[in-house]
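S.K.: below are the sequence and a predicted model; questions follow.
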Amino acid sequence: MKMSKLFVQTLREYPNDAEAISHKLLVRAGFIKKLANGIYTYLPLAQRVLTKISNIVREEMDASGAQELLMPFVQPAEIWQKSQRWQKYGKELLRCEDRHGNQMCLAPTHEEVITSVVSGIATSYKQLPLNLYQIQTKFRDEIRPRFGLLRGREFIMKDAYSFHTSQKDLEREYEVMAQTYTNIFKRCGLETKAVQSDSGAIGGAVSHEYMVLVDTSVGENDVFYCDCGYSANSNHAISILNKEETNGNFKEEKIVDTPNTKTIEELAKFLNIEPDCILKAVAYIADSKPVIAMIRGDKEIEETKLMNALNALEIRPMENDEVIEYLNSYPGFISHRDVDSSKVRVLFDNSAKGMKNFVLGANIKDKHITGANLEKDIEFVDISLVKEGELCPICHKPLKKTKGIEVGNIFQLGTKYSSPMNACYTDEQGQLKPYIMGCYGIGVSRTMAAAIEKYHDEHGIIWPIAIAPYHVDIVPVNCDDEEQMKIASDLYDKLQKLNIEVILDDRKDRAGVKFKDADLIGFPIRITVGKTISEGLVEFKIRKTGEVIKLSPDEAIEKCKEILLN
RNA sequence: CGGGAUGUAGCGCAGCUUGGUAGCGCACCUCGCUUGGGACGAGGGGGUCGCAGGUUCAAAUCCUGUCAUCCCGACCA
């Protein structure tokens, strides 16, 4: 491709509305253009990268035995009603009507469709197991799209669905997919960590997320991990306290005045005690019903874990007036005592177990109880957010914390979709059985952005070779110089014949412009044809290391082959 | 949906306080000159100042409403 013909316009400055470096660079280097919030055009450079990632995904998926298909992007409400997700999915599911007034939606995922597709075709156990995948646009009307392609509303996803006759066979396929995913990301030049995670709205029991570990806020997930191999998303990490027992050392239980101590910090300061000697009550509305979660004062509720413990679909913190209405209590002074247990559900976090002679709300404004102790026969659950320094549930060493960008995930769904949708096969005994399913996603467009987050410098993007839009950028310093142009064109032709993807920067601009663009766009190799041709040499520069070697044109071709064709 | 900020040419911005011909840099077009890290000169094209009302002789500027975008908290590939 000649640079003068490439449909691209690089910018001198970063766009104002971008925060994440991948977003800034994708716009500035001319890879994407925003149409609306969270909705982008992939310009030719980006499309090439996406194609490369997609092809790697295809090769590895095909090698694993999966088959590619393509499902509809616009879907009727009916199948979503069948799986009961028409109600549950919420506003992320963008709904619309067709001309006949039928309710439709834009696909955020394809469990419903694939289930209905397979149930009409794979009617016998003999046709199982199956693993089907597609690479397609998805639409999720995100609450807050941000960071460019890292969280768009429209994005490209590879989604795969597997169908089995037993949990054991699902688990076998799950392992196959785990290995396939590791291979895919490795080939894309990305190291990933598979972490245990909550399975969320997609549902199911076991799931792992593939995280690219980063140290910036664009890593929207907190990941806890241990050298022993344990790793988990914070919404799923098991909390093992590094300090199990706390004692407030109050000799007897009594009610004390604690004016204006609505927060744990204020209360701890007022009573001159540690926060971990206070039993904190956090009130929620879960599926329209009031809930109090009791937790040690230095710990926080992890709402996903709480939601799972309650088996709830939706939770939100209780408003102040609801505290008064439902609990007959006051915000900041709530206690689990005296609540009507037929109306209000009370949960105790594990962290409350080792507390003695602690401080507790008195259900009276500006009053707490000191020297309280827990009643007998309380059940404890794990609903807290892990704190740094807490212990690994496997080996009990302190956990480490980092941030991650989720580029893929794998789920064991079981019969979550097949049962309600009545999607069955006939087994060896002639019995109808629901499929046991798994599903496996990769954010293709997000992977592109994650690669930039991981590989860039102050000059621009540094593409891993496997997903670079072009491999080599040939820069004749002066396009009016016939000898330079001849050597450059010759190199261009020869490299193209070797199926090396090459750009010839034939623009009339000065060299500096071309060098800046080469660095910004991030071609892995740049060959400069300039003053050194008097010695019969060109300059061979590697973007990643900045290393420059002077070589003859033929040697430069050999060097390209060595780097690119292995 | 709550809290904060911003909307003026493709991009980055000034002008608004104190109303009076819509500007600058980059990018784009033409000519010249230049050619090793975003040159220079001359000329040129492009904007209903987010949108809708209102105040006024007159609104980018003041008032009201509205929409959009971005950042911080509840989601997920």
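M.R.: Received the coordinates, thanks.
S.K.: which stretches of the stretch 451-566 of chain A have low pLDDT?
M.R.: Applying pLDDT under 70 to the stretch 451-566 of chain A flags no residue at all.
S.K.: which stretches in it count as strands?
M.R.: Under the criterion DSSP state E, counting those that start in this stretch, the stretch 451-566 of chain A contains strands at A:456-457, A:460-461, A:472-476, A:502-504, A:525-529, A:538-542, A:548-551.
S.K.: over to the stretch 51-200 of chain A?
M.R.: A:67-68, A:74-76, A:95-97, A:103-106, A:130-139, A:154-164, A:193-196.
S.K.: turn the ones you listed into CSV, including mean neighbour count.
M.R.: All C-beta atoms are positioned from the backbone trio N, CA, C, and that covers glycine. Formatted as CSV, those follow (neighbours: other CB atoms under 10 Å):
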stretch, mean neighbour count
strand A:67-68, 13
strand A:74-76, 15
strand A:95-97, 12
strand A:103-106, 17
strand A:130-139, 19
strand A:154-164, 24
strand A:193-196, 20
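S.K.: tabulate the strands of the stretch 451-566 of chain A in a markdown table, adding columns for distance to residue A:492 and mean neighbour count.
M.R.: A markdown table is the format used below for those (distance: least, CB to CB, whole Å; neighbours: other CB atoms under 10 Å):
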| stretch | distance to residue A:492 | mean neighbour count |
| --- | --- | --- |
| strand A:456-457 | 27 | 16 |
| strand A:460-461 | 22 | 24 |
| strand A:472-476 | 6 | 27 |
| strand A:502-504 | 4 | 23 |
| strand A:525-529 | 9 | 25 |
| strand A:538-542 | 12 | 20 |
| strand A:548-551 | 16 | 14 |
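S.K.: now those in TSV, with distance to RNA strand B?
M.R.: Formatted as TSV, those follow (distance: least, CB to the nearest atom of the strand, whole Å):
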stretch	distance to RNA strand B
strand A:456-457	10
strand A:460-461	8
strand A:472-476	9
strand A:502-504	14
strand A:525-529	5
strand A:538-542	5
strand A:548-551	7
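S.K.: want to try JSON lines for those strands, with distance to residue A:290 as columns?
M.R.: Converted to JSON lines, these look like this (distance: least, CB to CB, whole Å):
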{"stretch": "strand A:456-457", "distance to residue A:290": "48"}
{"stretch": "strand A:460-461", "distance to residue A:290": "51"}
{"stretch": "strand A:472-476", "distance to residue A:290": "63"}
{"stretch": "strand A:502-504", "distance to residue A:290": "63"}
{"stretch": "strand A:525-529", "distance to residue A:290": "63"}
{"stretch": "strand A:538-542", "distance to residue A:290": "62"}
{"stretch": "strand A:548-551", "distance to residue A:290": "68"}
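S.K.: what sits against the residue in the stretch 351-500 of chain A that RNA strand B sits nearest to?
M.R.: Residue nearest to RNA strand B within the stretch 351-500 of chain A: residue A:443 (2.6 Å; CB to the nearest atom of the strand). For residue A:443, the contact set (CB atoms under 8 Å, 6 or more residues apart in numbering) comprises A:155, A:156, A:157, A:406, A:407, A:408.
S.K.: mind redoing it with 10 Å?
M.R.: Neighbour list for residue A:443: A:53, A:138, A:149-152, A:155-159, A:210, A:405-409, A:449-450 [criterion: CB atoms under 10 Å, 6 or more residues apart in numbering].
S.K.: now do it against residue A:153, distance only.
M.R.: For residue A:443, the distance to residue A:153 equals 13 Å [CB to CB, to the nearest Å].
S.K.: quickly list what's touching both of these two.
M.R.: Common neighbours of residue A:443 and residue A:153 (CB under 10 Å, 6+ apart) are residue A:138.
S.K.: can you give me the neighbour number for the residue lying closest to residue A:304 once chain neighbours are set aside?
M.R.: Among residues not flanking residue A:304 along the chain, residue A:235 sits closest, at 3.9 Å (CB to CB, 6 or more residues apart in numbering). Using other CB atoms under 10 Å, residue A:235 has 19 neighbouring residues.
S.K.: helix, strand or coil for residue A:235?
M.R.: Three-state call for residue A:235 (DSSP: H, G, I helix; E, B strand; the rest coil): coil.
S.K.: quick one: which of the strands of the stretch 51-200 of chain A is nearest RNA strand B?
M.R.: strand A:154-164 (3.4 Å).
S.K.: put the alpha carbons of that closest one into CSV.
M.R.: Taking C-alpha atoms only, strand A:154-164 is exported to CSV below (Å, rounded to 0.1, in the frame of the first residue of the first chain):
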residue,chain,number,x,y,z
GLU,A,154,-21.0,-1.5,19.9
PHE,A,155,-18.1,-3.9,19.8
ILE,A,156,-16.8,-7.0,18.1
MET,A,157,-16.9,-10.2,20.0
LYS,A,158,-16.1,-13.8,19.3
ASP,A,159,-18.6,-15.9,21.1
ALA,A,160,-18.6,-19.7,21.3
TYR,A,161,-21.2,-22.0,22.7
SER,A,162,-20.7,-25.7,23.5
PHE,A,163,-23.3,-28.5,24.0
HIS,A,164,-22.7,-31.6,25.9
